[in-house]
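S.K.: whatever this is, show me its structure:
(one chain, ligands or ions: 1)
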Amino acid sequence: MGKVALVTGGTRGIGEAISIKLKANGYNVAANYAGNDEAANKFAAQTGISVFKWSVADYNDCAAGVKEVEAELGPVEILVNNAGITRDSIFHKMTPEKWNAVINTNLTGVFNMTHQVWNGMRDRNFGRVINISSINGVKGQMGQTNYSAAKAGDIGFTKALAQEGAFKGITVNAITPGYIATEMVMAVDEKIRESIIKQIPVGRLGEPEEIAACVAFLASDDAGFITGSTLSANGGQYMQ
Ligand code: CAA
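M.R.: Sure thing, here's the model as predicted:
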């Protein structure tokens, strides 16, 4: 049996592509999701991947959820922190609710999840933590002070934790996807989306599978010397 990989938000969007790619590469995959039962059940039926429902925004639910995954599949060796939401609003209209929802899921969720698997990875002297940040955590995006702050936080978290994990055989890396053809991006007003596509030198949105390929590489044994890095995959829209 392959290594156990847990993908948060793993039944839809970029996460779905990541779960499918890791399974194809021989991993024993668990896909977490928070709310959409219909999509999760369809995903499970189509892929044969086990799905587990809890919110990454709740620490205790993460503890219980990871326990359940480990009882079914074994210790989590690869954690992909992919779960993320948007609550876009221009700052002068940003509510505390929108701020907190995005910070709690996109940033605190990464702490909540990683904390559940970290000691096991340390004990086994192996682990891969892969955090899905965003282009907008690096360049900033009007209408996304909450999202940009959380995604920038994910990168700081990655760099700090990478230093702690390095001597224990654990790598911690971030990926910063650009605009990818998922429901999240399709929810942006069409005119705004068209103007965004004009800013992408390759002339198109990315595909979820293109981010999944980055994850597969960072999860692999070939990537053992890469830690604390931020891998951009944005069609040239923003070059760090
Ligand atoms: N600069 C400054 N202020 C602006 C502005 C601009 N370019 N455009 C609009 N505003 C102001 C308006 O004047 C208005 O101000 P008042 O309240 O004083 O009248 C206010 O902003 C609201 O403007 P609108 O009513 O026109 O806009 P809205 O509230 O319907 O939408 C928005 C605002 C939510 C920010 C919208 O522009 C938007 O969705 N922008 C795109 C954000 C984006 O790129 N999100 C990415 C989602 S995908 C993702 O996040 C995945 C990933 O990782 C890449």
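S.K.: per-residue confidence at Met1?
M.R.: Confidence at Met1, expressed as pLDDT, is 74.
S.K.: residues contacting it?
M.R.: Listed by C-beta atoms under 8 Å, 6 or more residues apart in numbering, the contact partners of Met1 are Asn28, Gly74. Placement of C-beta: from N, CA and C, glycine included.
S.K.: and what of Arg124?
M.R.: Residues counted as contacts of Arg124 (C-beta under 8 Å, 6+ apart) are Pro75, Glu77.
S.K.: mind checking how far it is from the ligand?
M.R.: 32 Å (C-beta to the nearest ligand atom, to the nearest Å).
S.K.: what do you get for Glu72?
M.R.: 31 Å.
S.K.: again, but for Ile132
M.R.: Ile132 sits 9 Å away from the ligand, taking C-beta to the nearest ligand atom as the criterion.
S.K.: I'd say that residue and Leu79 touch.
M.R.: No - using C-beta atoms under 8 Å, Ile132 is not in contact with Leu79, being 11.2 Å away.
S.K.: distance of Ala101 relative to the ligand?
M.R.: Distance, Ala101 to the ligand, using C-beta to the nearest ligand atom: 14 Å.
S.K.: wait, that residue sits on Thr86?
M.R.: No - at 9.5 Å, Ala101 and Thr86 do not qualify as touching, with contact defined as C-beta under 8 Å.
S.K.: helices of this protein, residue ranges please.
M.R.: Counting by DSSP state H, the chain has helices at residues 13-24, 37-47, 59-73, 96-103, 109-124, 135-139, 145-165, 183-186, 190-198, 208-219.
S.K.: next, count neighbours for Met94.
M.R.: 17 (other C-beta atoms under 10 Å).
S.K.: quick check: it touching Gln144?
M.R.: No - using C-beta under 8 Å, Met94 is not in contact with Gln144, being 9.6 Å away.
S.K.: how about the residue most central in space within the chain, what does it touch?
M.R.: Geometric centre of the chain, nearest residue: Asn82, 1.6 Å, by C-alpha atoms, centre = their mean. Taking C-beta under 8 Å, 6+ apart, we find Asn82 in contact with Val7, Thr8, Gly9, Gly10, Ile14, Gly15, Ile18, Ile132.
S.K.: ok, now Leu218?
M.R.: Applying C-beta under 8 Å, 6+ apart to Leu218 gives the contacts Arg128, Ile130, Thr171, Asn173, Ile175, Ile226, Leu231.
S.K.: spatially nearest residue to the first one (excluding sequence neighbours)?
M.R.: In space, and not counting its chain neighbours, Arg128 is closest to Ile78: 4.4 Å by C-beta to C-beta, 6 or more residues apart in numbering.
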